[in-house]
Structures are given as structure tokens and as C-alpha cells.
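K.L.:
give me a model of this one.
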Amino acid sequence: MDKLRSIVPTVLRDQVSPQQKRLKNNKISSTKYNVLTFLPVSLLVQFTRVVNVFYLFNGILQSIPSISTNSPLATIIPLAVVVLLDINTKGKLQSADIRVGDIIELADDQIIPADCILLATSDDNGQCFVQTSSLDGEKNLKPKLALKFIQENLDKLLADPSIRFQVQINEPEKNLYKFKALLNFQNSNDSQHFNLEFNQFIHAGSLLRNSNKVLAMVIYTGAETKIILNQGSYHYKQSQIEKQANFILLINVIIILAVSVIMAFKMYFFIEENGTQMRYVFPESEIDSKYYAINGFFSFYILMNNLIPQALVITLEISKVWYAKFMEGDAQFLTIDEQDGQLSTCRVQNLTLHEELGNVNYMLCDKTGTLTQNELQYKAFACVGVDFDDEIHNIKEFCQLRKNNEDFLNFWRCICLCHEIQSIQQKTGKTILSGSSQDELSLLHMAEKSNFAKFIKRDSDTSTIELDGEIEQFEILKIFEFTSERKMMSVILKSRQTGQIFLLAKGADGAMIPLIQQKSQQDEVTLQYINNFAKKGYRTLVFCMRELFFEQLDLDDRYGDLDQNEIEKDLKLLGVTAVEDLLQEDVDVCLNEFQDANINVWMLTGDKGETAEAIGYSCGLFRSKYKIEKIEEEFGQDADPLIPAINQEMGLMISGSKITHLMSDESYSERLLEVLKFSKAVIIYRCSPAQKADIVDLVKKKFQGSITLAVGDGANDVNMIQRAHVGIGIIGKEGNQAAQFSDYALPNFKSLRRLLFWHGRTFGVRFSNFVKWFIYKNSIYSSTLLYFSIQNGFSGQSLYSDLFYSTYDVSLTTVAVVAYCIFDQDIDFKLTGNEKQLKIKLSQYYKHGRDLVISTTVKQYWFWLVYVFISSIPIYLISQYAYYHAIVSSDGKTEGVWASGFASIFIMVLSHHVMIIFCTRNWTWMTVAFYIFSFSIFLPITVAFENILEGGELYAIGFSDIMHQPQFWLSIFVASAIVIFPYYIVYNIWHTILYPQYVQ
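P.N.:
Prediction:
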């Protein structure tokens, strides 16, 4: 056992230890910060971003007058706006001041405030029911059973001060379904010990249902409760395109440093040659050229810092938040549960991966509940060497002929007793079966409809069934619960009628068959039906039993830790069952289109090979044109014939253990990877949850540059979902843990097609354009400053006023980019609801969009650098020479540098908006409104600056006079035309010849 805690009820104050008193109360905080940590922690989070650190450093440099020509406020104010907009806090949630050891009374429909052990209930049998949907998404009611001794004697135990009441528990752990404890009662004469198990444990956050009143003792509070421990830490995922964008920003930083070094050297040589002739600039007798060059390096560094877009982070997050709301509001995701009428839709739980959805190369998906409905229908059973696959109403006649066969009767006992289903009487008086296992529910419903066997009820220590019209009761001695690792469960029972003790077990054939002691000829015949059922795609369960003797049981073991390996062995085969898990709607259509989009689909399942292969064909994963290859024996013998098949359209089947074994052997791993890489579809059967996660890691490691998407619906899929680049959780019928820990939660599998082909592709294309426009608008701004510095003797003087330095990136040019990123699309959204109107399938659009975005993002960057260098030349020259010798003011003076800078900014803002308009493919009234607003704020901001800051640069040059000058408007239109029309021509050549778009 791990380290133990001893808990005493707080009503027994004299027995409470100092250690227990030091345990925290039930106060829970879900805030990121408190009053003291808000400012430092939130700022620390913001300055983990490279862009914000970059501009903070620039703001500090601009505070040094000797190296900066701009006010530090020109950088600090926009930076503060960006940081403050992105800082957010969450609400605070507190529970009552409950302490460990408190005994609390709970009423029906009340939320459990802390982790507790059940002591007593208003039900005579000590039973109550809880719903744990807030923890694992399971809506079915789960029974909890108070120990009979405590139920009957609780008042006496608490009232007698001579009795020592103590609970020994483990330290808190996050496993939702694991709990063991020891309850001790001791007085001067006697002591008693009781094992507490999961049946007596109640989770914090669960809801008490169908129960009038219960008494429970608090054992874990606050941050130590399982619901809080399972919130976990978020694993940051970064998209491939975002990584490319960061690479581009890194290149820009290198360019800034390189330009700063070159210009500093140029300044040094310029001062050395011309410094003595420029005493109005360098009045000192001895000019220190090195000092000026060092200061010049930092001046140029500040001057060029717009190459790193300051508004990129916040505008990108705004776009992603808005698009997440758009995805969640998409009516085509909306699904209504036929059973309870509850609405489900897409839930976005990670804002960083929208564009990654448009670039998926490998899809790794679970089968049960993901490709299938997890609504099981009974199909057949086999026992005593005979199978029965007829209609249910004929079972009774079949059973009557064999009711004298004890093995046959034990087979039905095993079905009705070896399960975790509970019979619940609702307030309406109706009795229903409730449980999380669809397999168990389907078999119990089949048994009831057969009129031969029926599960009646189960309380704290007794199960009651009806078999061939006779009521049978069994005392429950021990339950070994089902886990995804064991793939089986068992229960030890004692017959109230005969006193016989026996073990009933059921599970997957791979787990059960090795435990069978001796296989008779009849058993061999029965087991053959497993393969017959599997080939039809049915899920199979094997049922066994073993007679036990009391001497074999150590039920007084301190924590009830019976050796399962010693008990679950030497089993006798009873029979096998087959149920069918129907496919979800349009699964075959979706899988075929994913493959058409060059997405390699791998199905990872715990089923045996025959079942997995049958499902592979029925769900459309394996197409009739595929050559299906199986790796079953030694890979060295089987692999060589597969290599020529790589040139064909091939499907591959391999077991989870085999792929793990072969990848650990370097002599085989490379050949296996080659086969896996070129397989159109892969089924990995007999795959454990741990192997699923390992296979995701394998694909990410070996197929570098490929984007993986994992999709599942159960708790055993959580690791796989979290390891993949993108994790998709299907809102399942056996719990929502996969959905809760995923990046995106969907109501069904067919919604994945919509998520990838429409939302993923659309945002991926938008995002690549988003980065492109930011690079263009900021690079062209910095280029004109570079030309100006070359012209004026490498002085580091700015061409633009502080107003434009601080607003150009953040407001003057950003709104249009955000609007473009949010609203533009190359496929009409309305047509995706009626795809017959589309000329080409969405799968082909997706394939094109992925290949274009991934392959051209960096290429476009180099194109834009060249284009910026060329197009910025006419902007600078025309705006400069329009005012170089012109006498335009009323007093006969030239307007100078600020007027030409204003003209240059006007040209850049105008051409930027016109170029975005040329590229816009989806026009809505929102698009028009944002574009108009974006451009129209330029002049009002300038006018406000002139009127408020009298004495500023624009005020000095006479802004109103400039606006009435013909050469100003002539320079605007001529320079804009020179910049825009070449782009328009190149844009069309790029998309019609080099990278033609399907939408054309």
C-alpha cells in the first residue's frame, strides 16, 4: 500500500489528530490569479511571447535619447494595449467550508460537495444512486451501497465515546474509478475492520439521484478531490503553419540585425569621410565615429522593428476566438439525441489549431463509439457446442430443450450475474436497467425478452435473478471490475440456496481463452463460433466459471486485495455471445472522402483480427479495389512480398503487439515504415490503449512533417487524443472523457468531415493569407525607412511622425486584415449544404488547400520580400520628390520631411486596402463595412492628432494645406497605381499558372 491517512469523524473531536486538522477545507479556486499575483503572473504569461518581448526591448531602447528619434510612447502605448486586451481572468467558484472528517447529510438532486464515503441512506438496503456526467459524461445512474453494519449501527457508533472510529485511506490520486480504504471500529473489548471499495465512494461534483437522504463522511476536499485532480494541465499544441510563421518572424529578426549592422558600418564610414564638414551636426572638436556607429546600430534596430508585427498575436487570437464561435454555431453540427432529446454540437476547446484541421495527413481513429453507434443489438450465442442465431422469441423453446444441462444454466446465470448493471425504480414506478456498458445492457435485455432468464435486482451484498421461472439469490463476495487493460471482469458469488461458492467471469476471447483449464471437444466446437461471429463483424464475449472453496478466499485481507491471477484461472467454458455494433450514419462516405483527400486512415481497435477486418469492409475503410495484406507471422518472411505491392492501392492489417515488436527491431522497422507509409488504409487490431498512444507517437516521429489527427470516444482514447497534433473527441454513450480532454468535441463521426473539409480548410487558407498580409504591410513600411536613412547620410532619422509609428501596425492597416481573415472564403458557405452544386468534391478542395498552404507559405514569404523591395521604391521616390523642391506653403517654404512621410503613409494605406479588395472572394455587408471603417479611420486619426497635439510634426507642416495640394493627390494615385497593378498581374499569374485554384 501507498502512504496512508487516518481520518476520524469530526464529531468525535477528542479523536481528531493534529495531522487531520491541518488538512485544507473544501474551498476551491478556479482563478488564474489572486489579488497579489494578478499583475506579475499575467505579465509573465504575456511576455513569454517573442513578439511582446521584442517590443518591450524596443520600448526600453527608445527611452534612450541618444539612439532613438522616436518617443518611447510610440511603442509602449500600442504594446500596453495589446497586452491588456489579451489578459483575462476566470470566475471564482467556492464550496462550503467543509472539512475532512465531517459527516454531511445530502438530499435528492443535490451536488456532492466533496469526495465522500457513503455511511447510510434512507433506503433500508443502504442503496443510493449518483450521476457522474460532470466527471465522465456518463448519464446513467450508478448505484452506491452503504455497508450493512454501518447502515444499521451508525448512530450508536458515533454516540458511544468509547468506540474509536477511524478510516484509513490512500493519498489522493486522479484515477476516477479506483478507491480502497479500511474502516476500523475499536473499543476496549473488541475491534472490527471493514473493507471500503468503489461502491462506497462518492465523487465530488456528482449528483445524488432517486435517493431521499444519505449520510456521508468527507475524506478528500478542495484540490485533493478527484474532479479537481483530473482537470490536469493543458498541453500546448502549436500548428505547423504557426511554426512556419514563427520561422518567418525569426528570419525577419535576423534581417533586422543584419540591416542594423550594415547601416551602422555605413554610418561609421560616412562620419569618417564627412563629419568635419557637418559641424552643425557634429559640433565637438573630435568626432567619435565608433560611438555614433554603436548608437546608430540601436537606432536602426528600433527603426526597422516594424518587420516584427506588433499586432499579430492579438489580432490572430481575435480571429481565432471569433471563428471558434462560428464553428460552434454551425447548424450542420447540431444533433438531437433520440433518447433524451438533448442537443449536441461542436465544442471548440483549443483555439490554436483551427488551421491544423486543414492540413491533416494521418487520421487514427478508434472503432467502438467512434465509427460505430455503440448501440448494440443481440445477434447470436453459442454454448454446449450449439449456436443459436434465430429470433429472440424462439430462444425460450431452444432453452427448454437444454434446461437440464447445468453448464447451459450456468451460462445464463453468468449473463445475469456477471455485470455492473443496476435495476432502478424511477419515481414514476417504472423499473429500468441502467449502466455504462452497452454490451451488458443488450445481453440483459435479450435474456429478459427470452422469458427464460432475467436479472431482477442487486443491493449491497445480494444479486437476485429469475431462471426458468425460479427465483435465485446470490451473496456477492467480491467483484473484480472490468478495465481496458484486463479486458474482462469477474464476480465471486455464494448461492443462498445451495451454499456453493463460484467465480463467474466474462471478457474478450484474447483474455479469457488462455484462462480456460481444459478444452473438451464440445468447448472446441463452441469456440469455433467466435471466428464465425467475428467474420460477420460481431463483437464477442466469452463466459466462464470456476467452482471455489472458502479456503481459497482470503476475504479478510486488509484491503481485500485478492490475487486475481490465482482466482481467475482454471476456468470452465460456458459459452460465447455475439452482438452487433451498428455503424454510425455516413461513416463509409466520410472514410472514402478522407482517403480521396489523401488522408491516410488507420483504425485502432481492441477487436480480434476477423472482427476488425469485417468492420473494415463494412465501414468502407477497405475498398474493393484495395489489395489487403496481413502481417501475421515473422515479418522477415511476410514483408518482402509487400514491397512490390506498395505501388498498388493497398490496405494493411497488423496487430498492436506485432507493430510494437517490429518497430523495436531496427532490421525490420524501416521496411515496416515503408509499407505503413504507402498503405491507403491500415487496421491495427488487438490494440491496447497504451499502444494507441504509442502508435500516434510513432507516426509523429517517423513521418515528420505529417499532421496527425486522433479521434475517439472513450476514456481509453484520451492518451491517444492528447498525443496527436489534433485530438477529436466524439461525445459518446459510455462517457465523455475523450470529448472533455480533446481539442474539438463532436456529436458524431460524420461531423468530422464538415470540421476538416469546410472549417479546417477555410481557416487554413485564411491563416496563410493573414500572415502574408502582415508581412507585406509591415515590410513595406520598414523598407521606406531604410531608403530614407540611405538618402540622409545613415542618420537613423525616422521618416514618419510618432503618430504613424504607433498606429500604422496596430490600427491603420490591421482591421482590414482581420476582416479578410474572418470573412473571406473561396467556397460559398451556402453551397456546402448542397454539395451537388459544387463542380469538384470537397475532398479535392481539401487536398488542394492543404498542399497549397503547406508548400507555399514560406515560398510566398520570399516572393513578398522581393515584391516589397521593388514596390517600396516608387512609394518612397514619388512621395519624396513630390515635395523635394516644391514651394507649397503660404509663406513660401517647402513642407519638408513630414509632408513626404505623410504622403508615403497615405500611399501604403491606400494600396494595402485596394490589394486586399482585389484578393477578396467573398463579399458580404460585413466585409464591406469593415473595409470602409478600416480605411476611413486614417484621416480622422490624423486630424485628431493635429488638433490635440499642437506643436507636433503634422501640426507644424500644416496638415490642411497638404490636403489641398494637387501634387499630394497626384503622387498618391501615381504611386498607388505603380504598386497595385503589378501585384494584380502577378497575383493572377500565380494562381492561374503556377498554383491554379479549383474554385476557378
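
K.L.:
show me how this structure divides into domains.
P.N.:
4-28+93-229, 46-83+237-324+758-994, 347-371+584-746, 375-582 (automatic domain parsing).

K.L.:
which SS class is the residue nearest to residue 754 when sequence neighbours are not counted?
P.N.:
Distance criterion Cβ to Cβ, 6 or more residues apart in numbering; nearest residue to residue 754, sequence neighbours excluded, is residue 332 at 5.7 Å. Glycine gets a C-beta too; all of them are placed from N, C-alpha and C. Following DSSP: H, G, I helix; E, B strand; the rest coil, residue 332 is assigned to helix.

K.L.:
quick one: contacts for the residue nearest to residue 905 when sequence neighbours are not counted?
P.N.:
In space, and not counting its chain neighbours, residue 905 is closest to residue 804: 5.0 Å by Cβ to Cβ, 6+ apart. By Cβ atoms under 8 Å, 6 or more residues apart in numbering, residue 804 lies in contact with 812, 901, 902, 905.

K.L.:
for the first one, what are its contacts?
P.N.:
For residue 812, the set of contacting residues under the criterion of Cβ under 8 Å, 6+ apart consists of 804, 905, 909, 937, 938, 941.

K.L.:
now, which of the residues you listed sits nearest residue 515?
P.N.:
For those, the closest approach to residue 515 (Cβ to Cβ) belongs to residue 937, at 75.5 Å.

K.L.:
ok, back up a step: let's see which of the contacts of residue 812 end up in helices.
P.N.:
804, 905, 909, 938, 941 (DSSP state H).

K.L.:
flag the shaky bits of the stretch 1-150 of the chain, pLDDT-wise.
P.N.:
For the stretch 1-150 of the chain, residues meeting the criterion pLDDT under 70 lie at 1-4, 6-96, 134, 136-139.

K.L.:
quick one: the helices in the stretch 201-350 of the chain, in order.
P.N.:
Remark: helices assigned in the stretch 201-350 of the chain by DSSP state H, counting those that start in this stretch are 226-229, 240-274, 289-303, 312-328.

K.L.:
winner for burial among these?
P.N.:
Among the helices of the stretch 201-350 of the chain, ranked by average contacts under mean count of other Cβ atoms under 10 Å, first place goes to helix 289-303 (a mean of 21).

K.L.:
what about stretch 441-451, distance to the chain center?
P.N.:
38 Å (Cα atoms, centre = their mean, to the nearest Å).

K.L.:
cool, stretch 144-152 as well?
P.N.:
On Cα atoms, centre = their mean, the centre of stretch 144-152 falls 41 Å from that of its chain.

K.L.:
now what about that stretch, what contacts it?
P.N.:
Taking Cβ under 8 Å, 6+ apart as the rule, stretch 144-152 contacts 118-121, 125-130, 157, 183, 192, 194, 196, 199-202, 214, 459-461.

K.L.:
show me those that map onto strands.
P.N.:
118-121, 127-130, 183, 192, 194, 196, 201-202, 214 (DSSP state E).

K.L.:
check contacts around the closest residue to residue 464 other than its chain neighbours.
P.N.:
In space, residue 464 comes closest to residue 456 once its chain neighbours are excluded; the distance is 4.4 Å by Cβ to Cβ, 6+ apart. Neighbour list for residue 456: 423, 464, 465, 466, 471 [criterion: Cβ under 8 Å, 6+ apart].

K.L.:
ok, the helix or strand that contains residue 456: who's next to it in the sheet?
P.N.:
Here residue 456, judged by DSSP states H and E, is contained in strand 453-458. Strand 453-458 has the following strand partners under DSSP bridges: strand 462-467 (antiparallel).

K.L.:
show me what the mean pLDDT comes to for the strand it pairs with.
P.N.:
Mean pLDDT, computed over strand 462-467, is 90.

K.L.:
ok, stretch 292-299 next?
P.N.:
pLDDT averaged over stretch 292-299 gives 83.

K.L.:
give me the distance from that stretch to the chain's centre.
P.N.:
The chain centre lies 47 Å from the centre of stretch 292-299; the measure is Cα atoms, centre = their mean.

K.L.:
just the CA coordinates for it, please, in PDB.
P.N.:
Provided in PDB are the C-alpha atoms of stretch 292-299 (Å, rounded to 0.1, in the frame of the first residue of the first chain):
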ATOM      1  CA  TYR A 292      28.000  57.200 -33.200                       C
ATOM      2  CA  ALA A 293      28.100  53.900 -35.100                       C
ATOM      3  CA  ILE A 294      27.200  51.900 -31.900                       C
ATOM      4  CA  ASN A 295      24.300  54.200 -31.200                       C
ATOM      5  CA  GLY A 296      23.400  54.000 -34.800                       C
ATOM      6  CA  PHE A 297      23.100  50.200 -34.600                       C
ATOM      7  CA  PHE A 298      20.400  50.600 -31.900                       C
ATOM      8  CA  SER A 299      18.800  53.400 -33.800                       C
END
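
K.L.:
pretty sure residue 287 is touching residue 271, no?
P.N.:
Yes: using Cβ atoms under 8 Å, residue 287 is in contact with residue 271, at 6.2 Å.

K.L.:
can you map out the strands along the stretch 701-850 of the chain?
P.N.:
708-712, 726-730, 744-746 (DSSP state E, counting those that start in this stretch).

K.L.:
and of the ones you listed, who's closest to residue 878?
P.N.:
Closest among these, using Cβ to Cβ: strand 726-730, at 47.9 Å.

K.L.:
who wins on neighbours among the contacts of residue 812?
P.N.:
Ranked by the number of neighbours (other Cβ atoms under 10 Å), those place residue 804 first, at 28 neighbours.

K.L.:
roughly how far apart are it and residue 908?
P.N.:
10 Å (Cβ to Cβ, to the nearest Å).

K.L.:
with residue 151 instead?
P.N.:
80 Å.

K.L.:
who's more crowded, the two?
P.N.:
Using other Cβ under 10 Å, the more surrounded residue of residue 151 and residue 908 is residue 908, with 27 against 20.

K.L.:
got the domains of the chain as JSON lines, with distance to residue 337 columns?
P.N.:
JSON lines is the format used below for the domains of the chain (distance: least, Cβ to Cβ, whole Å):
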{"stretch": "domain 4-28+93-229", "distance to residue 337": "9"}
{"stretch": "domain 46-83+237-324+758-994", "distance to residue 337": "22"}
{"stretch": "domain 347-371+584-746", "distance to residue 337": "9"}
{"stretch": "domain 375-582", "distance to residue 337": "11"}
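
K.L.:
would you single out the least confident of these?
P.N.:
domain 46-83+237-324+758-994 (a mean of 74).

K.L.:
sorry, back to before: of the ones in strands among the contacts of stretch 144-152, which is the nearest to residue 878?
P.N.:
residue 130 (75.7 Å).

K.L.:
derive a PyMOL selection command for the buried subset of the contacts of residue 456.
P.N.:
This is the PyMOL syntax for the buried subset of these, where burial follows 16 or more other Cβ atoms under 10 Å:
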select buried, resi 423+464+465+466
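
K.L.:
go through the contacts of residue 456 and say which is closest to residue 750.
P.N.:
When these are compared against residue 750 (criterion: Cβ to Cβ), the nearest one is residue 423, at 35.0 Å.

K.L.:
kindly state the beta-bridge partners for that closest one.
P.N.:
Under the criterion used (DSSP bridges), residue 423 bridges to residue 433.

K.L.:
touching, it and residue 463? I think so.
P.N.:
No: at 9.9 Å, residue 423 does not count as touching residue 463 under the criterion of Cβ under 8 Å.
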